[in-house]
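Chemist: Okay, predicted coordinates and the sequence, questions at the end:
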Amino acid sequence: MSLNSILNIANSGLAAAQTQLRVVSDNVSNVNTPGYVRKIADQVSVTSQGAGAGVEVARIRLATDRFLQAASLNAGSEASRQGVRYELYDRIQSLFGDPSGDDSFFASVDGVFAAFASAAEDPTSSPYRQEALYKTQALFDEAGRIQTQIQAVREDADGRIQSAVDSANSLLEQIEGLNKEIARGVAVGGDSSGAETAQATLIGQLAELMDIQIQPRTAGGVSIRTTGGALLAGNGYAKLDYARAGTVNAESAFNDIYITEPGGQKRAL
């Protein structure tokens with residue numbers, strides 16, 4: 001083995017060690033960064049005509065587990081769904097007041113029954129009749145207020161759907177852009193772990209808005225589909241459309257969300 005070959009082997013070791021140090025320092029500096037995924041540098045030995053010729057870093061990858069990632073996305077999606085549902089139900093429940101309280105809607109109903117019971121015991125009593133009428137009118141007024149507030153909650157939910165659709169469209173565009181960046185890095189054997197980390201963060205945000213399924217692409221990056229199989233990203237990105245109901249009343253019905261896949265096919269979500 002020539003002296004030049006020995007020096008080349010030593011240089012390959014130094015280059016690999018330098019890459020490992022860069023990866024480790026990146027991991028350490030981002031230990032408290034939300035959404036950061038630890039990186040791993042995979043080393044492989046290099047041979048030349050059957051003889052050892054040093055070492056090289058084959059790739060830098062993220063230390064992720066596909067099954068754990070899928071479970072995490074599903075959990076995040078379910079938690080987000082239940083959180084919004086709880087908030088809206090809690091707002092509606094608060095309109096009726098504490099069932100055990102004296103100033104709740106339910107207490108007003110009890111008050112009406114009690115007033116009519118008193119009036120029935122003494123039908124000739126004008127004060128009892130007036131009290132029954134007063135409490136009945138107050139109950140109707142309160143019911144009208146609650147009905148108006150419930151429609152306001154529904155209108156807020158309608159607006160949230162539109163906001164979620166707009167956010168999902170923005171996330172899909174960014175995810176697909178990172179797919180291209182990752183694919184370019186994979187094609188030249190470069191380090192695309194930074195783009196992969198950014199993409200993983202965006203995917204997590206998308207999972208909080210809708211149920212999705214992730215599949216790695218051979219060329220690098222990911223393919224994203226809905227649970228119904230509609231393509232969202234991976235070969236272009238889809239566009240979600242939602243038409244708001246506008247002013248909401250008791251007869252209002254919310255519209256479906258539609259997906260236009262990268263190939264142009266349109267379907268309901």
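Modeler: Happy to help now that I have it.
Chemist: Return the set of buried residues in stretch 123-131.
Modeler: Tyr128, Arg129, Glu131 (16 or more other C-beta atoms under 10 Å). C-beta: built from backbone N, CA, C; applies to glycine.
Chemist: ok now it, how far from the chain's centre?
Modeler: Averaging C-alpha positions (C-alpha atoms, centre = their mean, to the nearest Å) puts stretch 123-131 59 Å from its chain's average.
Chemist: hang on, the earlier thing: just the ones of the buried residues of stretch 123-131 in helices?
Modeler: Counting by DSSP state H, the buried residues of stretch 123-131 place Tyr128, Arg129, Glu131 in helices.
Chemist: can I get these in JSON lines with pLDDT and distance to Leu209?
Modeler: Putting those into JSON lines (pLDDT from 0 to 100; distance: C-beta to C-beta, whole Å) gives the following:
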{"residue": "Tyr128", "pLDDT": "88", "distance to Leu209": "57"}
{"residue": "Arg129", "pLDDT": "90", "distance to Leu209": "56"}
{"residue": "Glu131", "pLDDT": "92", "distance to Leu209": "52"}
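Chemist: Can you tell me which of those residues comes closest to Phe113?
Modeler: Glu131 (12.3 Å; C-beta to C-beta).
Chemist: Show me the strands in the stretch 51-200 of the chain, by range?
Modeler: Counting by DSSP state E, counting those that start in this stretch, the stretch 51-200 of the chain has strands at residues 51-62.
Chemist: for it, which spans come out with low pLDDT?
Modeler: 65 (pLDDT under 70).
Chemist: So which residues of it form helices?
Modeler: Along the stretch 51-200 of the chain, the stretches classed as helices by DSSP state H, counting those that start in this stretch are 66-96, 105-121, 126-187, 193-207.
Chemist: Tell me which of the ones you listed lies nearest to Asn235.
Modeler: helix 126-187 (8.7 Å).
Chemist: For the closest one, which helices and strands make contact with it?
Modeler: helix 66-96, helix 105-121, helix 193-207, strand 222-226, strand 231-233, strand 239-241 (3 or more C-beta pairs under 8 Å, 6 or more residues apart in numbering; DSSP states H and E).
Chemist: again, only using 10 Å
Modeler: strand 51-62, helix 66-96, helix 105-121, helix 193-207, strand 222-226, strand 231-233, strand 239-241, strand 258-260 (3 or more C-beta pairs under 10 Å, 6 or more residues apart in numbering; DSSP states H and E).
Chemist: what angle sits between the first one and helix 193-207?
Modeler: Angle, strand 51-62 to helix 193-207, by axes from the mean of the first three to the mean of the last three C-alpha atoms, to 10 degrees: 30 degrees.
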